[in-house]
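Peer 1: Coordinates for the following, if possible.
(one chain, ligands or ions: 1)
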Amino acid sequence: MVILNKLLAQIFIPKFFSTMSLESSKRVAAYKAVDEWVKPNTAIGIGSGSTVIYAVERLKQRVVNENIKVFCVPTSFQARQLIISNGLILSDLEAHPELDCAIDGADEADANLTLIKGGGGCLLQEKVVASCAQSLIIVADYTKDSTKLGQQYRKGIPIEVVPMAYVPVKRKIEGLFGGSVNLRMSVAKAGPCVTDNGNFLLDWQFPTDADSDWAAVNRDILMIPGVVESGLFVNMVRKAYFGLADGNVTERC
Ligand SMILES: O=C(CO)[C@H](O)[C@H](O)COP(=O)(O)O
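Peer 2: Numbering: from 1, shown residues only. Predicted structure coming up:
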């Protein structure tokens, strides 16, 4: 019994602390970004994912403590719910087509701050909102900070497609660039994952030896009929904050 307890402790205690430090690294990055970039009486984009939850937490604290007004434009159903449940002002691109900044997460960033986004399936609205922002600010934990894409994030580059085109798009991407393309399946429902926009998602596992010109790859992918948007964000980021396990934050621009 004692041996079993020790064994269980050896397995679960390190896992518990690494999960805690990952969460706290997300929080420090998000808090710093919100403190440095959100100005009173502006409209901002609210990204999607688990790190953005901490950004919204900090935003709410600032709105209450400083009694400021910030109009929040969501990038997904999740972001919309976050804004509403935190009592923030919900807006949209009709009312606010120009945003001061957008604060969003990322699945991976390379040395040039080219991003893979869309791990949570929200890339289309994220890219539209980011394109309307003067500054796209990325908040992430240290596991997203890479030199090359694919170094740490192994699920591939998400690509949103019109449902009827998913097979031809898959074949064209594999033919043009190599690697393999998979239709993303739902976890809690039988069948494919359907985006907030009613589309399907492909995940392209690109050849890792490729020294890629991601701007060109992104342009070529977007030219394929049926592709709605890609999860490659090239030359869009103003600044990225990567939280570290020790509570510090690495900043890159
Ligand atoms: O692109 C995204 C959702 O489509 C997210 O920003 C990305 O997946 C990062 O999420 P997290 O903060 O949970 O790591």
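Peer 1: what are the ranges of the strands in the stretch 51-200 of the chain?
Peer 2: In order along the chain, the stretch 51-200 of the chain carries the following strands (DSSP state E, counting those that start in this stretch): 70-74, 89-90, 99-104, 108-109, 115-116, 133-141, 157-161, 180-183, 200-205.
Peer 1: ranking these by burial, who's on top?
Peer 2: For the strands of the stretch 51-200 of the chain, the stretch with the most neighbours on average is strand 115-116, a mean of 30; neighbours defined as mean count of other C-beta atoms under 10 Å. The C-beta positions use only the backbone N, C-alpha and C, and glycine is treated the same way.
Peer 1: For the stretch 101-250 of the chain, what lies in contact range of the ligand?
Peer 2: When proximity is defined by C-beta under 6 Å from any ligand atom, the stretch 101-250 of the chain lies next to the ligand at D104, G105, A106, D107, K117, G118, G119, G120, G121, C122, L123, E126.
Peer 1: how about a cut-off of 5 Å?
Peer 2: When proximity is defined by C-beta under 5 Å from any ligand atom, the stretch 101-250 of the chain lies next to the ligand at G105, D107, K117, G118, G119, G120, C122.
Peer 1: Just list the residues touching the last one, thanks.
Peer 2: Under the criterion of C-beta atoms under 8 Å, 6 or more residues apart in numbering, the neighbours of C122 are G47, S48, G49, T75, S76, Q78, A79, T195, D196.
Peer 1: how about the residues you listed in TSV, adding distance to V234?
Peer 2: Converted to TSV, the contacts of C122 look like this (distance: C-beta to C-beta, whole Å):
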residue	distance to V234
G47	17
S48	19
G49	19
T75	18
S76	21
Q78	24
A79	22
T195	21
D196	23
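Peer 1: most neighbours, which of these?
Peer 2: Neighbour counts for these peak at G47, which has 31 neighbours (criterion: other C-beta atoms under 10 Å).
Peer 1: Report the contact partners of the residue nearest to that one when sequence neighbours are not counted.
Peer 2: In space, and not counting its chain neighbours, G47 is closest to D104: 2.6 Å by C-beta to C-beta, 6 or more residues apart in numbering. With C-beta under 8 Å, 6+ apart as the criterion, the residues that contact D104 are 45-49, 52, 75, 117, 126, 129-130, 136-139.
Peer 1: what's the closest of those residues to the ligand?
Peer 2: Here the nearest of the contacts of D104 to the ligand, counting by C-beta to the nearest ligand atom, is G49; it sits at 2.6 Å.
Peer 1: can I assume D246 sits in a strand?
Peer 2: No. The assignment for D246 is coil, going by DSSP: H, G, I helix; E, B strand; the rest coil, so no strand is present there.
Peer 1: Per-residue pLDDT of it, please?
Peer 2: Confidence per residue is given as pLDDT, and for D246 that number is 93.
Peer 1: and it, how many neighbours does it have?
Peer 2: Neighbour number of D246 under other C-beta under 10 Å is 10.
Peer 1: What separation do you get for it and A55?
Peer 2: With distances defined as C-beta to C-beta, to the nearest Å, the gap from D246 to A55 amounts to 20 Å.
Peer 1: same check, this time on I44
Peer 2: I44 sits 10 Å away from A55, taking C-beta to C-beta as the criterion.
Peer 1: mind saving the C-alpha coords of stretch 31-45 as CSV?
Peer 2: Listed in CSV are the C-alpha atoms of stretch 31-45, where the atom choice follows Å, rounded to 0.1, in the frame of the first residue of the first chain:
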residue,chain,number,x,y,z
TYR,A,31,-1.9,40.0,-17.7
LYS,A,32,1.2,41.7,-19.0
ALA,A,33,-0.2,42.1,-22.5
VAL,A,34,-3.5,43.5,-21.2
ASP,A,35,-1.7,45.9,-18.9
GLU,A,36,0.6,47.2,-21.7
TRP,A,37,-1.8,47.4,-24.6
VAL,A,38,-5.4,48.0,-23.6
LYS,A,39,-6.2,51.7,-23.5
PRO,A,40,-9.4,53.4,-22.1
ASN,A,41,-12.2,54.1,-24.6
THR,A,42,-10.9,51.9,-27.4
ALA,A,43,-12.3,48.9,-29.3
ILE,A,44,-10.3,45.7,-29.1
GLY,A,45,-10.4,42.2,-30.5
